[in-house]
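A.B. asks: Give me a 3D structure for the following:
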Amino acid sequence: MKKKKQLSSFDILVLSNELREMLVGSFIYKVYQPTRHDLIIRCNVPVNDLVDSGDNKESKRTKSVTGPRYRQINLTIKVGKYIYAEEKDKHSKVLVSTDSATTSDAPPGSFAMLLRKHLRNAKITDISQHEFDRIINIVSENSEKLKIEV
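C.D. replies: Have a look, this model is predicted:
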């Protein structure tokens, strides 16, 4: 079987639906551009954990929320080739390392800085496919739109 060189419009439709389920309601933390054709958008997805407050019968019925916690998901984009999301976890294997982007002494590129300026701490409200093209729209709470051609 031949390996795919690019995603089809149907692949983008399925992918945009999966990304919508995973990332709507999350906050864009930071944007990295490790190379000219790579873009990494780090998102913080709120997670509420329920915790028992004790051993007695009353506390088992009343569970308290410890407050919003976040898990980080990296949305990695290789312009014109692919897009995928991965959860950044201590125990998970990272396919594209963002450590070089975060610890590098070189300042981020102008495009990454522009995206950071407009998208930092923006809440993602929708992810959709533009018509049936190979374009994914990411809409934020402040009406900023990011269009990604895959």
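A.B. asks: Within the helices and strands, which one has Lys17?
C.D. replies: Quick fix: residue 17 is Asn, not Lys. helix 9-23 (DSSP states H and E).
A.B. asks: likewise Asn137?
C.D. replies: strand 135-140.
A.B. asks: buried sites along that strand?
C.D. replies: Ile135, Ile136, Ile138, Val139, Ser140 (16 or more other C-beta atoms under 10 Å). Bear in mind the C-beta positions are built from the backbone N, C-alpha and C, glycine included.
A.B. asks: quick one: which of those is nearest Asn17?
C.D. replies: Using C-beta to C-beta, Ile136 is the member of those that lies nearest Asn17, at 10.7 Å.
A.B. asks: What pLDDT is listed against that closest one?
C.D. replies: pLDDT for Ile136: 94.
A.B. asks: show me what contacts it?
C.D. replies: Counting by C-beta atoms under 8 Å, 6 or more residues apart in numbering, Ile136 touches Ile12, Leu15, Ser16, Leu19, Ile83, Ile127, Ser128, Gln129, His130, Lys147, Ile148, Val150.
A.B. asks: okay if I get those residues as a markdown table plus pLDDT, distance to Thr76 and neighbour count?
C.D. replies: Below are these laid out as a markdown table (pLDDT from 0 to 100; distance: C-beta to C-beta, whole Å; neighbours: other C-beta atoms under 10 Å):
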| residue | pLDDT | distance to Thr76 | neighbour count |
| --- | --- | --- | --- |
| Ile12 | 91 | 15 | 22 |
| Leu15 | 92 | 12 | 19 |
| Ser16 | 93 | 15 | 22 |
| Leu19 | 94 | 12 | 21 |
| Ile83 | 89 | 7 | 21 |
| Ile127 | 95 | 15 | 22 |
| Ser128 | 95 | 19 | 15 |
| Gln129 | 95 | 18 | 21 |
| His130 | 92 | 20 | 15 |
| Lys147 | 92 | 17 | 11 |
| Ile148 | 90 | 11 | 19 |
| Val150 | 82 | 12 | 22 |
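A.B. asks: Dump the residues you listed to CSV, plus distance to Val47.
C.D. replies: Output for the contacts of Ile136, formatted as CSV (distance: C-beta to C-beta, whole Å):
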residue, distance to Val47
Ile12, 27
Leu15, 23
Ser16, 23
Leu19, 17
Ile83, 23
Ile127, 19
Ser128, 24
Gln129, 27
His130, 30
Lys147, 28
Ile148, 25
Val150, 28
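A.B. asks: Nice, that's everything, thank you.
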